[in-house]
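**Student:** can you look at this prediction? I've put the sequence above it.
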Amino acid sequence: MLRRALRSWYRLHRIVREGLKFATVGSVGFIVDIGLFNLLLFAGGQGPLHDQPLLAKTLSVTAATIVTYAGHRLWTFRHRARVKLARGYPLFFLFNGLGLGIALACLGVSRYVLGLSGPLADNISANVVGLAIGTLFRYWAYRTWVFPAHPDADPRRRDPKAEPVHV
């Protein structure tokens, strides 16, 4: 019973630690994303893409994706199995693309369905609502497919009498 409780505590501790790292790297990506998005749309009153918010969001997310892939591979998920770069990088971009789709859908509904525009409306729809939903999706997808657990780190595959694996 005590061993099971300790194993559960260890798993929870690992997930919380990994989640905090994910949030830290994501925060850097968020700064890149929101900074570039606002620069492209609103710099000097009317940014270079002031009339193209979906393109501005696509470019800002692409830049943030490059930054966060490096952070997640080298720090957040460094203890997890390494998939080949030729597989992991495209999967990472695919899931970021789906996360981008979530943010774009929120921005598109806000802008073109609800008729809300301007810095506050665009930022709330794309960078609060869309980003929150997209982040939950990406965390799940990265852990599942891009940075999977080591097969020997799965407690169901180990000897129940063995000591916990410290990663």
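**Tutor:** Structure received. Residues are numbered from 1 along each chain as shown.

**Student:** please look at residue 150 and residue 81 and confirm they touch.
**Tutor:** Yes. Using Cβ atoms under 8 Å, residue 150 and residue 81 qualify as a contacting pair, with a distance of 4.9 Å. (Glycine included, C-beta is placed from N, CA and C.)

**Student:** intersection of neighbour lists for these two?
**Tutor:** The contact sets of residue 150 and residue 81 do not overlap (Cβ atoms under 8 Å, 6 or more residues apart in numbering).

**Student:** what does the helix or strand harbouring residue 54 contact?
**Tutor:** Under DSSP states H and E, the secondary-structure element containing residue 54 is helix 53-71. The set of residues that contact helix 53-71 without belonging to it, under Cβ under 8 Å, 6+ apart, is 24-26, 28-30, 32-37, 40-41, 47, 49, 89, 92-93, 96, 99-100, 103-104, 107-108, 111, 122, 126.

**Student:** any idea which helix or strand carries residue 124?
**Tutor:** In this structure, residue 124 is located in helix 119-124 according to DSSP H and E.

**Student:** quick one: buried residues of that helix?
**Tutor:** Residues of helix 119-124 classed as buried under the neighbour-count rule (16 or more other Cβ atoms under 10 Å) are 122-123.

**Student:** and residue 153, what pLDDT?
**Tutor:** Listed pLDDT for residue 153 reads 55.

**Student:** low-confidence stretches in this structure?
**Tutor:** Counting by pLDDT under 70, the low-confidence segments of the chain come to 151-167.

**Student:** please indicate which of the contacts of helix 53-71 are buried?
**Tutor:** 25-26, 29-30, 32-34, 36-37, 40-41, 47, 49, 89, 92-93, 96, 99-100, 103-104, 107-108, 111, 122, 126.

**Student:** in the chain, which spans are helices?
**Tutor:** Under the criterion DSSP state H, the chain contains helices at 2-42, 53-71, 85-108, 119-124, 130-141.

**Student:** so how far is residue 129 from residue 121?
**Tutor:** 11 Å (Cβ to Cβ, to the nearest Å).

**Student:** whoops, residue 37 was the one
**Tutor:** In this structure, residue 37 and residue 129 are separated by 14 Å, where distance is defined by Cβ to Cβ.

**Student:** cool, residue 117 as well?
**Tutor:** To residue 129, residue 117 is 15 Å away according to Cβ to Cβ.

**Student:** out of those two, which sits in the busier spot?
**Tutor:** Neighbours around residue 117 and residue 129, counted as other Cβ atoms under 10 Å, are more numerous at residue 129. The numbers are 17 against 13.
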